[in-house]
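Novice: Quick check, what structure comes out for this input:
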Amino acid sequence: MSSRGKVLVIDDDPDIYQIVEANLTAAGYDVRGASDGLEGLRMVREYAPNVVVLDVLMPEMDGWEVLTRIESDPDTAGVPVVMLTCRSEDADILRGLEQGAVEYITKPFYPEDLVATITILLNVFDGSLRDDRRRQLIARRRRLMGSGWRVE
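Specialist: Reported below is the predicted structural model:
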């Protein structure tokens, strides 16, 4: 069976990794994991994933710094990053999107939603539309924040 794509999951919680890995593997993806930011950066270069699933709160280097380094490295800047984190404040979501994430999913989450998000990114999402997609998400989040209405 051929893989639908390579996914790197950078998360220090082994339970989260197992859930994500099991669901993505069942959907046909080749999944690898890193348990901290430094290891994750190394694996982004070595494994060359089609998409990265990234937590924020991790040892060694947090997800914000990992995202910044992925985005600033010409060899990895085109890799879509999906934030998967318990950081759910509007400011955190905006920060992730403004730093370069293409999607921001908060924990707790439905594994099926993550699989669907990755499938869309890899099968439908045109890399040339990446910045347009991020701008749309940022604008929508700011409108919601400005209206005083919070998505829970």
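Novice: residues in contact with residue 31?
Specialist: For residue 31, the contact set (C-beta atoms under 8 Å, 6 or more residues apart in numbering) comprises 6, 7, 8, 9, 20, 21, 24, 25. Heads up, the C-betas are built off the backbone N, CA and C, glycines and all.
Novice: Oh, that last question was meant for residue 35, not what I typed.
Specialist: So residue 35 contacts 10, 11, 12, 14, 17, 58 (C-beta under 8 Å, 6+ apart).
Novice: ok, so what distance separates the third one from residue 33?
Specialist: Meaning residue 12. Residue 12 sits 10 Å away from residue 33, going by C-beta to C-beta, to the nearest Å.
Novice: what does the fifth one give?
Specialist: Counting by C-beta to C-beta, the gap between residue 17 and residue 33 amounts to 5 Å.
Novice: Common neighbours of those two, please.
Specialist: Contact criterion C-beta under 8 Å, 6+ apart; residues bridging residue 17 and residue 33 by contacting each: 9, 11.
Novice: which residues does the most centrally placed residue in the chain bridge with?
Specialist: Geometric centre of the chain, nearest residue: residue 82, 1.5 Å, by C-alpha atoms, centre = their mean. Under DSSP bridges, the beta-bridge partners of residue 82 are residue 53, residue 103.
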